[in-house]
Structures are given as C-alpha cells and as structure tokens.
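A.B. asks: Build the 3D model from these lines:
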Amino acid sequence: MDTILIQGTISGLKTAADIAKSMINLKSMSDVQSKVVELQSSILAAQSSALSANAEQFSMVDEIRTLKEEITRIKTWEGEKQRYQLHTPWKGTGVVYALKESMSNAEPPHYLCTKCYEDGKRMILQPRKKDGFVLLVCPTCNSEIHSGLRGIGNPDY
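C.D. replies: From the prediction side, this is the model:
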C-alpha cells in the first residue's frame, strides 16, 4: 500500500485535531467559523487520502487473488503435463503429445495439440477426413497433423 496515502491520512487527522484544540481558546464567532471551515477541509483531505488508500488496498487484494489463481492453474497444468509424452502418430509426420498408458487413469487414448500444450492448454486433437486423407485437427488453434496417406485409418493409439 502507498505509504504516502497513509501518511496523508494521518497528517490530515493530526491537523484536524490541532485545529479542534485551537478552537477552545477562540473568543469570537467569526474566528470559530473560520476554524470550522479549516477543520472541515482537513477532515475532507484525510477522508480523501483514506479512500485512496482503501481503493489501492482493494486493487492489491484483487491482484493477489488473480495471481494465486494463476499459480494454482500453473501447478495443476504442470501435474497434467506429466501424463503426456511426444509421439509421432504416423511415420514421417509431425508430432503430438500422447497420453502415457501408465498414467491414463482409465481415460481413453488421445493426442494433444503441441502448440496448445506449450501454451498451457489441454486440447485433444480430433480426427477429420479431408480429400480422402485423415487429419488430426486442434479444435482451438486449427493446427493439423496430416497422415500423408490416402484412406489411412486412425493413427496408432
């Protein structure tokens, strides 16, 4: 939190207290009214500093919450990443991330998009046929792995 804002609040309240103490010794009504205006001004300045400090604190609390969520997401993804390894589904083609059989937890075999994987996302590639070829396509970034052969069946899971 900005210490200047806190110091401003404290200073404003101290000034207001000093003004209030000095009002005790005043004799004329015009002097009292002048000090009341001065007192109100000091109180408003202290309130303004306090509100600014409060807004800054709220902003920092929100940022901390966002960062904690991001840390949790990254830790979760790091654990998920361990379940996959690079794999070539067809000889002579690009690579994908394949689910390790030992870590499948009864989940069916599947491949992940390498681009999305590197971006921290788990995007399962979907098989598509195009002009007699089988492709694996990412539903998010539209990356494709081409079988290179006509009429080929599913890749080797």
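
A.B. asks: what about the closest residue to Gln126 other than its chain neighbours, how many neighbours?
C.D. replies: Taking CB to CB, 6 or more residues apart in numbering, and ignoring the residues beside it in sequence, Gln126 has Val137 as its nearest neighbour in space, at 5.4 Å. Every C-beta, even on glycine, is put in place using the N, C-alpha and C of the backbone. Summarising burial for Val137: neighbours were counted as other CB atoms under 10 Å, giving 17.

A.B. asks: now Val137: how far from Tyr97?
C.D. replies: Separation of Val137 from Tyr97 (CB to CB, to the nearest Å) stands at 15 Å.

A.B. asks: With Val134 instead?
C.D. replies: Counting by CB to CB, the gap from Val134 to Tyr97 is 18 Å.

A.B. asks: what helix or strand does Arg40 sit in?
C.D. replies: Actually, residue 40 is Gln rather than Arg. Per DSSP states H and E, Gln40 falls inside helix 29-81.

A.B. asks: what comes up buried for the helix or strand following that helix?
C.D. replies: Using DSSP H and E, the helix or strand that follows helix 29-81 in sequence is strand 84-87. Neighbour counts using 16 or more other CB atoms under 10 Å place 84, 87 of strand 84-87 among the buried residues.

A.B. asks: same for strand 84-87, what does it pack against?
C.D. replies: strand 96-99 (3 or more CB pairs under 8 Å, 6 or more residues apart in numbering; DSSP states H and E).
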